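S.K.: Sharing a sequence plus its predicted fold:
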Amino acid sequence: VQLVESGGGSVESGESLTLSCAASGFTLASYHMAWFRQAPGEEREGVAAIPNDRDTTYANSVRGRFTISKDIAKNTLYLHMNNLKPEDTAMYYCVADSSFLKLWFQNPTYWGQGTQVTVS
């Protein structure tokens, strides 16, 4: 299993970014997927999840601004981020697990290497 994120960068407040996560070694259709983030000195935070058996879930801090989606044909997960704020600055990670409980409430099994988002 491999997860490779891309799309991070430095933007100004109010701008948008779309993160991508290319998955290999498994199919997105069979795993629950999510984006987590971690800023320096802070705990990691679940940003958005797209389970394969229930509705999407968002952190309160991003609801209405971020949208998680997936393209099964491309085996790729996305995070569309609008109206970015300085507090969104963090390393963003793509994660996967066959258990939604582990994915969102415990420790996801599979992690990408992360992509940095900086908002000034």
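M.R.: Noted; the coordinates are in hand.
S.K.: Give the bridge partners for the spatially most central residue of the chain, please.
M.R.: Centroid-nearest residue in the chain: residue 35, 2.0 Å away (criterion: CA atoms, centre = their mean). Judged by DSSP bridges, the bridge partners of residue 35 are residue 48, residue 94.
S.K.: Number the chain from 229, please
M.R.: Will do, 229 is the new start, and the previous item becomes residue 263.
S.K.: Which parts of this protein are strands?
M.R.: For the chain, applying DSSP state E gives strands covering 230-234, 237-239, 245-252, 260-266, 273-278, 285-286, 294-299, 304-309, 318-325, 338-339, 343-347.
S.K.: Hey, what's the angle from the fourth one to strand 304-309? Just curious.
M.R.: Strand 260-266 runs at 50 degrees relative to strand 304-309, counting by axes from the mean of the first three to the mean of the last three CA atoms, to 10 degrees.
S.K.: Which neighbouring elements make contact with strand 260-266?
M.R.: strand 245-252, strand 273-278, strand 294-299, strand 304-309, strand 318-325, helix 328-333 (3 or more CB pairs under 8 Å, 6 or more residues apart in numbering; DSSP states H and E). (Glycine included, C-beta is placed from N, CA and C.)
S.K.: from what I can see the residue nearest to the centre of the chain touches residue 324, true?
M.R.: No. Residue 263 lies out of contact with residue 324 (CB atoms under 8 Å); the separation is 10.8 Å.
S.K.: Tell me, what's the model's pLDDT at the residue lying closest to residue 340 once chain neighbours are set aside?
M.R.: Closest residue to residue 340 apart from its sequence neighbours, by CB to CB, 6 or more residues apart in numbering: residue 231 at 3.6 Å. Reported pLDDT at residue 231 in the predicted model: 97.
S.K.: If you tally nearby residues, what's the number for residue 231?
M.R.: By other CB atoms under 10 Å, the residues close to residue 231 number 22.
S.K.: Over to residue 255?
M.R.: 11.
S.K.: how much distance is there from the lowest-mean-pLDDT helix or strand in the chain to the middle of the chain?
M.R.: Using mean pLDDT, DSSP states H and E, helix 328-333 stands out as the lowest-scoring helix or strand of the chain, at a mean of 93. Relative to its parent chain, helix 328-333 has a centroid offset of 14 Å by CA atoms, centre = their mean, to the nearest Å.
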